[in-house]
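Chemist: what shape does this take:
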Amino acid sequence: MTNLQPLGPSEAVEMYLQSREPEVSVKTLQNHRYRLSHFVAWCREEEIENLNRLTGRMLHQYRTWRAEQVKRVTLVNELRTVQQFLGFAASIDGVEEGMRERVRIPPLDPEEEARDVRLETERAQEILTHMERYEYASRDHVIMLLLWHSGIRLGTLRSIDVDDYDSDGRCIDIRHRPESETPLKNGDAAERAISVSEHYCKVLDDYIEHNRHNVRDDYGRRPLISSQHGRLSSAPIRQAVYQWTLPCTIGSCPHDQDPETCEWAVRDSRAGCPSSRSPHAIRRGAITHQLRNHVPQNVVEERSNVSGEVLEQHYDQRTEREKMEVRREFLDALDSDTEGTR
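Modeler: Below you'll find the predicted structure:
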């Protein structure tokens, strides 16, 4: 048995966070601190002052205690962080080796898990900043920036032609064209024009001029996202998204895996990585990002082609406090206008 050294829960968490600081984003570090704060609170309640005492039964008790307070998706995320924390604690002789394996993760219904998964704003910005420097105006760069900037669906992205893009007007016309194999999910009702920022227009212009495959599809149309043979299919778009959202593509692995031997680093297995994200997770993150930045809900609904009911049920992942702060801004502005008329 390892010769354990006395280690308090709060001290251990601080050491863990310090060890992760060079590897992860500020947001990830904040998330880990928040999740582990509940574990520290439980230790305090149970009068566990030295992690050397920790046992598998105690971890089961913690899981039961926390499960009574949060929904299952939140519990799973917290327990995954506790696993990583205990792996670190074992490496510095704070808990027995193998303690992390004693944290049992409850199974999640796939739909339940999918509703909570999104690309976080800070991670999206890290990816796009990297691509701006090293993959500028490449096809993958255009895929990632359009998915994030607009919050559109994968099928919508595929449907866009070069002729739909108006560089001078800084917009893209979204069109339902089922007769040429690019239908929109909501049919004619999904047709709209979406604005594109001036900077991203420059990226699109450079991509079209220098890197786009100058081809037509089977219907004589010029797809914006093209391959050597025509319009790019959904599968390689998904693969590109999984590749660029893998944590080890830009940054380090939060799952203690070696990218050289990790099974998730293989092309067809990237979707299995707990930290990689699908195109729909980018859509969910983009919509949440817009709402958190006070874009009016009706604008988000029209831009992303989503109803208010569906948006609130499946996409809006702001906390109730965040929603309240948005309402407060509008009410404060209203009060200010009222005071000005007195």
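
Chemist: could you use CA atoms for every contact and neighbour count after this?
Modeler: Fine.

Chemist: quick one, what contacts the residue most central in space within the chain?
Modeler: Nearest to the mean C-alpha position of the chain, by CA atoms, centre = their mean, lies L119 at 1.1 Å. By CA atoms under 8 Å, 6 or more residues apart in numbering, the contact set of L119 is R277, A281, I282, R284, G285, A286.

Chemist: give me the subset of those residues that lies in helices.
Modeler: In this view, those that belong to helices under DSSP state H are A281, I282, R284, G285, A286.

Chemist: show the buried residues in those residues.
Modeler: A281, I282, R284, G285, A286 (16 or more other CA atoms under 10 Å).

Chemist: wait, the fourth one touches R118, no?
Modeler: Yes. Counting by CA atoms under 8 Å, a contact exists between G285 and R118, whose distance comes to 4.7 Å.

Chemist: for the residue nearest to the centre of the chain, give its distance to T81.
Modeler: L119 sits 18 Å away from T81, taking CA to CA, to the nearest Å as the criterion.

Chemist: then N50?
Modeler: For N50 relative to T81 (CA to CA), the value is 19 Å.

Chemist: then A265?
Modeler: Taken as CA to CA, the span from A265 to T81 is 21 Å.

Chemist: same question, R100
Modeler: For R100 relative to T81 (CA to CA), the value is 10 Å.

Chemist: between these two, point out the one with more neighbours.
Modeler: Between R100 and T81, R100 has the larger neighbour count (other CA atoms under 10 Å), namely 23 against 20.

Chemist: OK, contacts around the more buried one?
Modeler: If you count contacts by CA under 8 Å, 6+ apart, then R100 has V82, Q83, Q84, F85, L86, G87 around it.

Chemist: if we use 7 Å, what do you get?
Modeler: Applying CA atoms under 7 Å, 6 or more residues apart in numbering, we find R100 in contact with Q83, L86, G87.

Chemist: toward the C-terminus from the helix or strand bottoming out on mean pLDDT in the chain, list the very next helix or strand.
Modeler: Using mean pLDDT, DSSP states H and E, helix 110-116 stands out as the lowest-scoring helix or strand of the chain, at a mean of 55. Downstream of helix 110-116, the first helix or strand assigned by DSSP states H and E is helix 121-134.

Chemist: how about the helix or strand R303 falls within: buried residues?
Modeler: Under the criterion of DSSP H and E, R303 resides in helix 297-304. Judged by neighbour count using 16+ other CA under 10 Å, the buried positions of helix 297-304 are Q297, V300, E301, E302, R303, S304.

Chemist: mean confidence score for it?
Modeler: Across helix 297-304, the average pLDDT comes to 89.

Chemist: separation between the closest residue to D218 other than its chain neighbours and H213?
Modeler: Excluding its sequence neighbours, the residue lying closest to D218 (CA to CA, 6 or more residues apart in numbering) is G230, at 7.4 Å. Per CA to CA, G230 is found 8 Å from H213.

Chemist: ok, now P254?
Modeler: Distance from P254 to H213, by CA to CA: 36 Å.

Chemist: of the two, who's got more company?
Modeler: Each of P254 and H213 has its neighbours counted (other CA under 10 Å); H213 has more, 20 against 16.

Chemist: now do the contacts for that one.
Modeler: S226, S227, Q228.

Chemist: which strand or helix spans it?
Modeler: Using DSSP H and E, no element contains H213; it sits outside every helix and strand.

Chemist: okay, now the domains of the chain?
Modeler: 9-115, 132-244 (automatic domain parsing).

Chemist: mean pLDDT lowest for which of the ones you listed?
Modeler: Taking the mean pLDDT of the domains of the chain, domain 9-115 comes last: a mean of 88.

Chemist: just so I have it, where are all the strands in the stretch 151-300 of the chain?
Modeler: Ranges of strands in the stretch 151-300 of the chain, per DSSP state E, counting those that start in this stretch, are 165-166, 171-174, 192-195, 226-227, 230-231.

Chemist: now, of those strands, which is deepest in the fold?
Modeler: strand 230-231 (a mean of 22; mean count of other CA atoms under 10 Å).

Chemist: what lines up beside it in the sheet?
Modeler: Strand 230-231 has the following strand partners under DSSP bridges: strand 226-227 (antiparallel).

Chemist: do you know how far P296 is from V310?
Modeler: To V310, P296 is 16 Å away according to CA to CA.

Chemist: and what of L246?
Modeler: Relative to V310, and taking CA to CA, L246 is found at 28 Å.
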